[in-house]
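Novice: Sequence and predicted structure, then a few things I'm wondering about:
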Amino acid sequence: MSSNRDISPTETGQKIIDIFAEHLAIDVDDPKVDLIEEGLLDSLAVVDLLMQLELNFGITVEMETLDLDDLRTVQSIEEFVSRNQK
């Protein structure tokens, strides 16, 4: 369970965490954990994640502009989604 000192994710961050759990079978406990460095996000999971982000947030991911650092943490994914919704 969470302690009172844990930072609650935003609504978008929580939705991203839910995508990881429901579609990628990856439990993300900390929105700041480096998903790539920790080995949680591999190349196949990246493809699935991008598809889910497009479906759930109505964005289009341009592969030419995609930076792997945009997908390192839940927080960076949230920022990526926000930039692409505009």
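Specialist: The structure has been received and is ready for your questions. Numbering: from 1, shown residues only.

Novice: Kindly provide the distance from D30 to G13.
Specialist: According to Cβ to Cβ, to the nearest Å, D30 stands 11 Å off from G13. Glycine gets a C-beta too; all of them are placed from N, C-alpha and C.

Novice: higher neighbour count, those two?
Specialist: Set D30 next to G13 and count neighbours by other Cβ atoms under 10 Å: G13 wins out with 20 against 14.

Novice: Show the average pLDDT along the strand or helix carrying that one.
Specialist: Per DSSP states H and E: G13 is located in helix 11-23. Summarised as a single mean, pLDDT over helix 11-23 is 96.

Novice: what comes up buried for that helix?
Specialist: Across helix 11-23, burial judged by 16 or more other Cβ atoms under 10 Å covers T12, G13, K15, I16, I17, I19, F20.

Novice: just stretch 27-39 next, same as before
Specialist: V28, P31, L35, I36.

Novice: Next: stretch 72-86.
Specialist: Going by neighbour count (16+ other Cβ under 10 Å), the buried part of stretch 72-86 is R72, T73, V74, Q75, S76, I77, E78, F80, V81, N84.
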